[in-house]
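**Student:** Sequence first, predicted model second:
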Protein chains: 2
Amino acid sequence: MPELRKDPITGTWVIISEERRKRPKYYQIVVDKDISTPEHCPFCPGNEAMTPPETFALRPGNPAANSTGWDLRVVPNKFPALRVEGQLRKSGEGFYDKISGIGAHEVLIDTPRHGHTWFDGDETVIRNTLLAARARVLDLKKDTRFKYIMVFKNFGPTAGASLSHSHSQLIALPVVPLRVQEEIEGARAHFERKERCIFCDIIQYESETDRRLLMENEHFIVLAPYAPRFSFELAVYPKRHEPAFESTPDHELAGLSAILTETLGRVGRLLNRPDYNLIIHNAPCRNSVGDFFHWHIEFMPVLARVAGFEWGTGFYINPISPEESVQELKAV
Amino acid sequence: MPELRKDPITGTWVIISEERRKRPKYYQIVVDKDISTPEHCPFCPGNEAMTPPETFALRPGNPAANSTGWDLRVVPNKFPALRVEGQLRKSGEGFYDKISGIGAHEVLIDTPRHGHTWFDGDETVIRNTLLAARARVLDLKKDTRFKYIMVFKNFGPTAGASLSHSHSQLIALPVVPLRVQEEIEGARAHFERKERCIFCDIIQYESETDRRLLMENEHFIVLAPYAPRFSFELAVYPKRHEPAFESTPDHELAGLSAILTETLGRVGRLLNRPDYNLIIHNAPCRNSVGDFFHWHIEFMPVLARVAGFEWGTGFYINPISPEESVQELKAV
């Protein structure tokens, strides 16, 4: 059974999940490209039996679950960091805190096409993933054991993807992670001083000054953050104040997939299709943060090594300013 | 001029340092081993002119600065993230905060031997680095512009080292980084409840239970933390309560170099000399944290990619428990 353990000093939660060691190549650095062919790929059509049974699918062509004919499938992770079964049990060891590793860990197979990527300009693939993520978050939120649900995408081996076939992931957690909690506390402090959402303030300021604005459409805006930790880091915000990703209606998700398609296209052309991490920062499941939290997406290409300086201190060195990175992305 | 910018929501500080882009290979992922030979290596004896003039050296054989005959040299980083010259200037942009990028960034060349590493069992090399780090921290602390001085070592390309010749680094900062601030706040909260140092409590508990204790000597103890973010992460604590690394006397530094030599030896044998980050967590220069902060070392081998899940949330997945990692390190 996996365990969630809390660092007694900083409050950081860690999942100790020995299950994950069944993943191949664990002790090695994975830098070689996954050269799996469609015949051996568990995410390819025809190989549905290689994954656990699906929890959701978009299958216009074939209504039978776990058969071919799908546009997108969601399946439990074969090497889950957390387990759905069991009771939520909080306990201690000495003055340490731990929680049984209850949660869900699912994989969204974005597309049946083995070599397709989000750099390739097909808006439908991105929209399908967003629709599926929304459906799964709405479903998993009903389980009161879960406090936070995170949707994210690791693309490429240096970003942590162990399979090359385009996929996203979702993890439901019994605690709210530290960084999300810090965002909430920062946003709460701003709201208490100003009675305004800090994210709404950022959107307005960046839109007016146009120094770090990459693009916008009716419903979404893409910015380079003022203090980006990584080169070419970007943030995507809904213009309408909304704490919960899963409350986004269809027409807004269409706007989001359009702006993500255009953003990924520019990043891919400028930076030669880099590996990347994309994370949806959502409100916790049952906290009342509605006035001051505003869901958003963080996008981080993997361009340089994260060095000790960063690990040790939560301090980052970035060799390109957000103003310049936006200029380069606009010009490409 | 580099800039320090603060994220308005989380409070994370970022150095925007376009200087750093002069480093070779910036936009690429550096995965190839540095194959520089002693003839072309700026850290090798005979090539002293390839570095900026030294700020400190151990040179029993030759008293002339910037010539050969040294055991260890400290030089300013040729591509510094921060600049020593200039005034500390705080300013804003809209509701954002920034500080001019004042600081120091130095390289400690651990040894004249090009291929030597800390895995090789030579205690003197490690002790020399610790002695030099102490001397430089004591000197830089006199500059009241600096609030925090961090000493760290990136070993190997996947840990962020751009040169293979064994070296450590030191950065003096005009702000206290977020993660250090979080450690201080966590330790302060514990002290307010218990009137005890949480680090001293951890040392006592781990020493008594012996579940995560790797080794100890008269002055130092090596543990796997209860909630390690990374596989085989280790922490080294001085047994005597002491907030400041630079207050460590010679005989204690000798004990530290002995225990580090033994620790690195075990890690190198078990994990095939992995790349790693080693960071000294020191007290801020002028904060009064003496009662409750306790300096220590974090050691993190680079064994698996850091995936999006971690980046987005400050939540980590670790596939090996600290109890098991200590068993494996003891058995090797």
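**Tutor:** On my side now, so go ahead.
**Student:** Where does the stretch 101-250 of chain A get nearest to chain B, residue-wise?
**Tutor:** When scored by C-beta to the nearest C-beta, the stretch 101-250 of chain A has A:G160 as its residue closest to chain B, at 2.6 Å. For the C-beta atoms, the positions are set from N, CA and C on the backbone; glycine is no exception.
**Student:** For burial, what's the neighbour tally of that residue?
**Tutor:** Applying other C-beta atoms under 10 Å in any protein chain shown, we find 23 residues neighbouring A:G160.
**Student:** Make sure it is actually in contact with A:N154.
**Tutor:** Yes: contact criterion C-beta atoms under 8 Å: A:G160 and A:N154 qualify, at 4.1 Å.
**Student:** pLDDT below threshold where in chain A?
**Tutor:** For chain A, residues meeting the criterion pLDDT under 70 lie at A:19-36, A:304-313.
**Student:** Relative to B:E298, how far out is the spatially most distant residue from the centre of it?
**Tutor:** Going by C-alpha atoms, centre = their mean, the residue of chain A most distant from its centre is A:G94, 34.4 Å out. From A:G94 across to B:E298, the span is 21 Å (C-beta to C-beta, to the nearest Å).
**Student:** how much space between the residue farthest from the centre of chain A and B:R212?
**Tutor:** Taking C-beta to C-beta, one finds A:G94 at 11 Å from B:R212.
**Student:** host element of A:I221?
**Tutor:** Element membership for A:I221, per DSSP states H and E: strand A:220-223.
**Student:** And that strand, what does it pack against?
**Tutor:** With contacts defined as 3 or more C-beta pairs under 8 Å, 6 or more residues apart in numbering or on different chains; DSSP states H and E, strand A:220-223 has these neighbours: helix A:198-209, strand A:213-216, strand A:234-238, helix A:250-271.
**Student:** and the shortest one, is it in reach of chain B?
**Tutor:** Just to be clear, that refers to strand A:213-216. No: Strand A:213-216 stays clear of chain B (C-beta under 8 Å from any C-beta of the partner chain), getting no nearer than 13.3 Å.
**Student:** And the last one, by the same measure?
**Tutor:** Yes: counting by C-beta under 8 Å from any C-beta, chain B has neighbours in helix A:250-271: A:L271.
**Student:** list the helices and strands that helix packs on?
**Tutor:** So helix A:250-271, by 3+ C-beta pairs under 8 Å, 6+ apart, packs with helix A:123-140, strand A:213-216, strand A:220-223, strand A:234-238, strand A:296-301, helix A:322-331.
**Student:** What's the first helix or strand after the first one?
**Tutor:** Going back to what we said before, that points to helix A:123-140. Next along the chain after helix A:123-140, taking DSSP H and E as the criterion, comes strand A:148-155.
**Student:** does chain B sit close to that following strand?
**Tutor:** Yes: using C-beta under 8 Å from any C-beta, we find that strand A:148-155 touches chain B at A:148, A:150, A:152-154.
**Student:** Redo those residues as JSON lines? Include neighbour count.
**Tutor:** Below are those laid out as JSON lines (neighbours: other C-beta atoms under 10 Å in any protein chain shown):
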{"residue": "A:Y148", "neighbour count": "22"}
{"residue": "A:M150", "neighbour count": "21"}
{"residue": "A:F152", "neighbour count": "24"}
{"residue": "A:K153", "neighbour count": "24"}
{"residue": "A:N154", "neighbour count": "26"}
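**Student:** What's the local residue count around A:P38?
**Tutor:** By other C-beta under 10 Å, 15 other residues sit near A:P38.
**Student:** Would you mind listing the buried residues in the strand holding A:I221?
**Tutor:** The neighbour-count check on strand A:220-223 (16 or more other C-beta atoms under 10 Å in any protein chain shown) flags A:220-223 as buried.
**Student:** quick one: the residue sitting nearest the centre point of chain A from A:E106, how far?
**Tutor:** In chain A, the residue lying closest to the centroid (C-alpha atoms, centre = their mean) is A:F152, at 1.8 Å. Counting by C-beta to C-beta, the gap from A:F152 to A:E106 is 11 Å.
**Student:** re the thing from before, tell me if I'm right that the residue farthest from the centre of chain A and B:T209 touch.
**Tutor:** Yes: counting by C-beta under 8 Å, A:G94 does reach B:T209; the two are 7.0 Å apart.
**Student:** about what we covered before: right, and the helices and strands packed on helix A:250-271 - which one's nearest B:W13?
**Tutor:** Each of the helices and strands packed on helix A:250-271 has some distance to B:W13 by C-beta to C-beta; the shortest is helix A:322-331, at 14.7 Å.
**Student:** Show me how far the closest one is from its chain's centre.
**Tutor:** Averaged C-alpha coordinates place helix A:322-331 at 23 Å from its chain's average position (C-alpha atoms, centre = their mean, to the nearest Å).
**Student:** and the angle from it to strand A:234-238?
**Tutor:** Angle, helix A:322-331 to strand A:234-238, by axes from the mean of the first three to the mean of the last three C-alpha atoms, to 10 degrees: 80 degrees.
**Student:** Give the buried residues for helix A:322-331.
**Tutor:** Residues of helix A:322-331 classed as buried: A:322, A:324-326, A:329 (neighbour count, 16+ other C-beta under 10 Å).
**Student:** Packing partners of it?
**Tutor:** If contacts are counted by 3+ C-beta pairs under 8 Å, 6+ apart, helix A:322-331 sits against strand A:213-216, helix A:250-271.
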